[in-house]
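Peer 1: just a sequence and a predicted model for now, questions to come.
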Amino acid sequence: MAQIQITTIVTITDEKSQPKRMVTRKTITGLTAIEERDYAINSNSTRTIWDPTNVDTEVMTDFDFLFAWSDGNVFLENVADIGADNGAESGVIKVVKDLPYMLGSDDSFANYTAGAGTAGTADVIDKLIVNEAAGSARKLKVIMAT
């Protein structure tokens, strides 16, 4: 079985010039597949980077870990309930240059009610789309595991 180990170190210096350090460690075990992907994202473009409904080309049908890193700011859209059984939901986050974005599962909600906590129907992320809107080509590294 494969595993992924994540160590995060955050060091801040407060207003009194006192450094503070926080270290977190997480190991994800029992993985049966890990896939690394490298993408070239053209300037001002949108690209689907994961779509498990495309059974001819997609190996990963779900994920228990997602890592995304870019050499420039990009927007990552995750879509839940692509089949619209409960009401498709999209969420978009900005992946900031050199700051990895990680998810510990593909769990999500469809038919979500804003401001109601976890109101909605438990679902999973069904598609990942990246958008580069700043006019510069970007590199994107994605690691997925299940």
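Peer 2: Sure, I can see it.

Peer 1: ok, the helix or strand of the chain with the lowest mean pLDDT: who's next to it in the sheet?
Peer 2: Every helix and strand of the chain was ranked by mean pLDDT, DSSP states H and E. The lowest is strand 107-110, at a mean of 81. When pairing is defined by DSSP bridges, strand 107-110 lines up against strand 121-132 (antiparallel).

Peer 1: for the partner strand, buried residues please.
Peer 2: Within strand 121-132, the residues that qualify as buried by neighbour count (16 or more other C-beta atoms under 10 Å) are Asp123, Val124, Ile125, Asp126, Lys127, Leu128, Ile129, Val130, Asn131, Glu132. In this view, the C-beta of every residue, glycine as well, is placed from N, C-alpha and C.

Peer 1: and which of the residues you listed is nearest to Val59?
Peer 2: Within those, distances to Val59 taken as C-beta to C-beta reach their minimum at Leu128, with 14.1 Å.
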